[in-house]
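**Student:** Turn this into a structure:
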Amino acid sequence: MDEAIQKAEALVEAHAYIRDFAGKTVVVKVGGSIMDQPDALGRLLDDVSFMAAVGMRPILVHGGGKGITAAMNDAGIEAEFVQGRRYTDERTLAIAEHVLVNDINRQMVDRLIQGGTQAMGLHSLSSCVVFAERLALPGEQGRKIDIGLVGQVTSVNAPLLSALVSSDHVPVIAPIAKDRAGGKLNINADSVAGHVAAAVRAEKIVLVSDTHGIRRSDNEDDLARHLSRAEIEQLIDTGVINAGMLPKVEASLIALEAGVRKAHIIDGRIPHALLLEVYTDQGIGTEIVLEEAPQVTS
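**Tutor:** Below you'll find the model as predicted:
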């Protein structure tokens, strides 16, 4: 009986959020080691199906870096990284496209459809919604470092995404973009998610990975539940936020500065992490807002 009561209480708590978020768009980016854990990924996709069923409008963006590295190793190609970004020549891009589109994207779309959710893969081999230009990294004395066929987002086809979610489809976006000439470019998936959320004016962006969120210090238990941009900048300046967390924070700020209300960073290895973050009072990860709301005094 106690378990049944707890379930009823959880439904009551979720009801207010379900009502408030009905018809709202949320961008969910999936990456990290969860991409290599079929059970965890499957649970997360089931959560996305639930969100769509109760009236929310999810858009999925996925990564697949570890799968690309494994495929390159199988092909006898050693991955080369420059300032944390994968150097991408034509052969590397072809492998990345195959893994991201033919393996990961297709499997995610199939799982959603099997769960009763209409879904459509959007990528470089079908309808591409992300467009980019070549990215050059800053080097010494103002020189630019070429990292190959790697891009930075210049625009997103927001009308197509809006049309799809309005017709109850879940778009599933792979991070291979096209440039003005129709060429293909590999893009950081976090960056894609940030720009997609900005373009469609999403209610939220949720970055799902294999980290609990952002820590306020080097102490693993010092999880920040809520951060403003000013606090984020301080943590970057002190080096607490670095390496793999930086692209997630940058994507969050891109979205927030375009009008997205909140960004969330959560651990997808936790069962139903997405639902716990979106539909409960406490949440389980870190939420980021642009500015703190002003204090109201009587």
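**Student:** Wait, a helix at residue 230?
**Tutor:** Yes. Assigned with DSSP: H, G, I helix; E, B strand; the rest coil, residue 230 falls within a helix.
**Student:** what about it, distance to residue 286?
**Tutor:** 15 Å (C-beta to C-beta, to the nearest Å). All C-beta atoms are positioned from the backbone trio N, CA, C, and that covers glycine.
**Student:** How about residue 124?
**Tutor:** 32 Å.
**Student:** of those two, who's got more company?
**Tutor:** A side-by-side neighbour count of residue 124 and residue 286, using other C-beta atoms under 10 Å, places residue 286 first with 27 against 22.
**Student:** Name whatever forms a beta bridge with that one.
**Tutor:** Using DSSP bridges, the beta-bridge partners of residue 286 come out as residue 265.
**Student:** who are the neighbours in contact with it?
**Tutor:** 212-214, 223-227, 264-266 (C-beta atoms under 8 Å, 6 or more residues apart in numbering).
**Student:** now swap in residue 256 and tell me
**Tutor:** By C-beta under 8 Å, 6+ apart, the contact list for residue 256 reads 229, 262-263, 288-290.
**Student:** Most neighbours among those residues, which one?
**Tutor:** Highest count within the contacts of residue 256 by other C-beta under 10 Å belongs to residue 263, 29 neighbours.
**Student:** shouldn't that residue be in contact with residue 288?
**Tutor:** Yes. With contact defined as C-beta atoms under 8 Å, residue 263 counts as touching residue 288 (4.3 Å).
**Student:** which residues do these two both contact?
**Tutor:** Contacts common to residue 263 and residue 288, judged by C-beta under 8 Å, 6+ apart, are 252-253, 256.
**Student:** Give me the subset of the residues you listed lying in helices.
**Tutor:** 252-253, 256 (DSSP state H).
**Student:** Would you mind checking which of the residues you listed is nearest to residue 199?
**Tutor:** Lowest distance from residue 199 to these (C-beta to C-beta) belongs to residue 256, with 13.7 Å.
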